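Participant: What follows is a predicted protein model with its sequence.
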Amino acid sequence: MNLFSLSALSASPSPHPLARYGWDEGWEAEFAPYAEQGLLPGRVVRVDRGQCDVVTPLGTVRADTEFVVPRDPMKVVCTGDWVAVDPEGGDPRYVRTLLPRRTAFVRSTSSKRSDGQVLATNIDHVVICVSLAAELDLGRIERFLALAMSCSNGEALLHEAARSGESAAQPVVVLTKADLVPDPVTLGHLVQDIETSAPGVPVLTVSALHDEGLDVLVALVGSGTSVLLGQSGAGKSTLANALVGADVMDVQATRDVDGKGRHTTTTRNLLALPSGGVLIDTPGLRGVGLYDAGSGVGQVFSEIEELAERCRFHDCAHESEPDCAVRSAVESGELAERRLESYRKLVRENQWIVAKTDARVRAELRRDWKRKGAEGRAAMEAKRGRLR
């Protein structure tokens with residue numbers, strides 16, 4: 001065997017041009033039918049006004065989404081999607097189809113119809129950014145976590161993951177602007193408060209300004225696709241710039257009056273990280289409505305659901321029922337009242353959202369309302385009888 005043959009055997013095959021954006025054997029198999037049609041694979045890095053930027057093996061192209069505009073808002077092209085686009089030569093160039101999503105972060109819209117809005121797709125990590133410049137809102141963090149732990153696209157594989165108690169995308173809470181809390185004891189208490197509200201979820205403290213704590217986060221987002229979520233002013237764009245190692249996102253200061261942020265980022269942008277992995281930066285979220293997040297609520301409040309299994313009644317509302325293990329835990333101090341109230345609120349909200357499209361859930365809610373109404377009337381009659 002000559003030297004040329006030896007070098008040929010030792011040479012490793014060149015990586016796919018889209019490997020740094022998350023392309024793998026699974027996506028290659030999904031795309032195979034479209035490759036036979038001469039279409040190009042690509043990942044959507046930005047969407048606006050019926051057009052999208054798609055990174056392909058030939059570079060980033062601008063493509064029209066006219067042929068993939070469904071009536072279902074859950075199937076609209078989104079940052080993070082893998083698509084098949086026209087090859088070179090077409091003008092305009094079109095997105096011809098979307099590949100099936102592995103995961104999707106979905107919230108309820110602010111409309112009265114409560115439609116779902118997809119914020120990012122095909123994600124592996126949900127990075128929930130919380131600014132230490134403002135008072136912690138534990139209920140809001142629990143809401144983000146419930147959505148993150150319900151992250152899926154509804155396909156059979158992800159339904160199986162939800163049933164087994166595994167979330168399809170892994171959440172992490174990042175406390176930004178840690179330099180504003182110089183006292184380590186105070187910072188430790190804040191972290192502990194969030195860890196109590198986010199059982200099993202990593203909680204990191206970072207200061208992008210002083211380059212503190214970023215090494216742990218870089219290691220976390222160094223593989224797969226991560227999405228940055230949070231309110232305006234949470235420091236998402238600053239964090240994105242620190243992770244990318246360049247000023248790719250505009251940054252504005254928060255308002256001095258109330259400490260709230262301005263909407264610096266107005267679109268969702270997908271960025272390749274130098275350390276590996278892909279990052280999706282998103283605009284600040286004012287509203288975070290639940291959308292079919294029952295499994296996520298159960299995971300966020302796992303300790304309450306475990307306690308509920310010891311209640312006398314399987315449909316215990318944890319209010320005034322006898323032998324309620326949840327109320328007993330509150331009275332003994334084992335469970336915080338705030339935590340139970342947050343759980344109730346999210347369960348009710350999620351039931352309401354699901355009931356709008358599920359007749360069985362609507363019927364169950366009606367029966368529950370009638371039962372509680374009857375119990376309330378009976379209690380009032382008993383009280384009147386005692387007063388007589």
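Facilitator: Thanks, I have it.
Participant: Which residue is the nearest non-sequential neighbour of H318?
Facilitator: Excluding the flanking residues, the one nearest H318 by C-beta to C-beta, 6 or more residues apart in numbering is V326, at 4.0 Å. In short, each C-beta sits where N, CA and C put it, glycine included.
Participant: which helices and strands does the helix or strand where that neighbour lies pack with?
Facilitator: For V326, the host element (DSSP states H and E) is helix 325-332. Helix 325-332 sits against helix 302-308, helix 337-355, with contacts defined as 3 or more C-beta pairs under 8 Å, 6 or more residues apart in numbering; DSSP states H and E.
Participant: Out of these, which gets the lowest mean score?
Facilitator: Least confidently modelled of the helices and strands packed on helix 325-332 is helix 337-355, at a mean of 87 by mean pLDDT.
Participant: Between helix 325-332 and that helix, find me the angle.
Facilitator: 150 degrees (axes from the mean of the first three to the mean of the last three C-alpha atoms, to 10 degrees).
Participant: Quick one: list the elements packing against helix 337-355.
Facilitator: Going by 3+ C-beta pairs under 8 Å, 6+ apart, helix 337-355 lies up against helix 138-149, helix 294-300, helix 302-308, helix 325-332, helix 359-387.
Participant: burial measure for D215, as a count.
Facilitator: 11 (other C-beta atoms under 10 Å).
Participant: now do L138
Facilitator: L138 has 18 nearby residues by other C-beta under 10 Å.
Participant: Could you measure from it over to R338?
Facilitator: L138 sits 7 Å away from R338, going by C-beta to C-beta, to the nearest Å.
Participant: Surely L279 is in contact with L239?
Facilitator: No - with contact defined as C-beta atoms under 8 Å, L279 does not reach L239; the gap is 9.1 Å.
Participant: Please identify which of these two sits among more neighbours.
Facilitator: Set L279 next to L239 and count neighbours by other C-beta under 10 Å: L239 wins out with 25 against 22.
Participant: So the most centrally placed residue in the chain versus T186, what's the distance?
Facilitator: The chain has A148 as the residue nearest its centroid, 3.5 Å off, counting by C-alpha atoms, centre = their mean. Between A148 and T186 the distance is 27 Å, computed by C-beta to C-beta.
Participant: for the helix holding V326, which positions count as buried?
Facilitator: The neighbour-count check on helix 325-332 (16 or more other C-beta atoms under 10 Å) flags A325, V326, R327, A329, V330 as buried.
Participant: Find the residue closest to the fourth one in space, skipping its chain neighbours.
Facilitator: The one in question is A329. L335 (3.9 Å).
Participant: list the contacts for the one you found?
Facilitator: E303, I304, L307, V326, A329 (C-beta atoms under 8 Å, 6 or more residues apart in numbering).
Participant: mind giving me a markdown table with those residues and columns for distance to V201?
Facilitator: A markdown table is the format used below for those (distance: C-beta to C-beta, whole Å):
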| residue | distance to V201 |
| --- | --- |
| E303 | 13 |
| I304 | 16 |
| L307 | 20 |
| V326 | 22 |
| A329 | 21 |
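Participant: if I look at A178, how far off is A336?
Facilitator: 25 Å.
Participant: out of these two, which sits in the more crowded spot?
Facilitator: The residue with more neighbours, out of A178 and A336, is A178; 22 against 14, by other C-beta under 10 Å.
Participant: Each with direction, which strands does the strand of greatest length in the chain pair with?
Facilitator: Ranked by number of residues, the top strand in the chain under DSSP state E is strand 40-48. Paired with strand 40-48 in the same sheet, following DSSP bridges, are strand 51-56 (antiparallel), strand 82-85 (antiparallel).
Participant: what does stretch 41-50 contact?
Facilitator: Against stretch 41-50 from outside (C-beta under 8 Å, 6+ apart): 18, 21-23, 27, 31, 34-35, 52-57, 60-61, 63-66, 69, 77-85, 267-271.
Participant: Hmm, I typed the wrong one, I wanted stretch 182-192.
Facilitator: L132, L136, L175, A178, V181, V203, T205.
Participant: what comes up buried for that stretch?
Facilitator: L187, L190, V191.
Participant: The helices and strands packed on helix 337-355: lowest mean pLDDT?
Facilitator: Among the helices and strands packed on helix 337-355, helix 359-387 carries the lowest mean pLDDT (a mean of 56).
Participant: Now do the helices in this protein.
Facilitator: Applying DSSP state H to the chain gives helices spanning 3-10, 25-35, 138-149, 156-163, 184-197, 214-220, 236-244, 294-300, 302-308, 325-332, 337-355, 359-387.
Participant: so how far is the second one off the chain centroid?
Facilitator: Right, the one you point to is helix 25-35. 26 Å (C-alpha atoms, centre = their mean, to the nearest Å).
Participant: swap in stretch 213-223?
Facilitator: On C-alpha atoms, centre = their mean, the centre of stretch 213-223 falls 18 Å from that of its chain.
Participant: Output the below-cut-off pLDDT ranges for the stretch 51-200 of the chain.
Facilitator: Within the stretch 51-200 of the chain, the segments meeting pLDDT under 70 span 90, 110-114, 152-167.
Participant: And V172, how far from S226?
Facilitator: From V172 to S226 the distance is 8 Å (C-beta to C-beta).
Participant: more crowded one of these two?
Facilitator: Legend: neighbour count by other C-beta under 10 Å for V172 and S226, higher for S226 (25 against 21).
Participant: Just give the nearest non-adjacent residue to that one, would you?
Facilitator: H125 (4.0 Å).
Participant: list the contacts for the one you found?
Facilitator: Counted by C-beta under 8 Å, 6+ apart, H125 has contacts A169, Q170, P171, V172, L220, V221, G224, T225, S226, V227.
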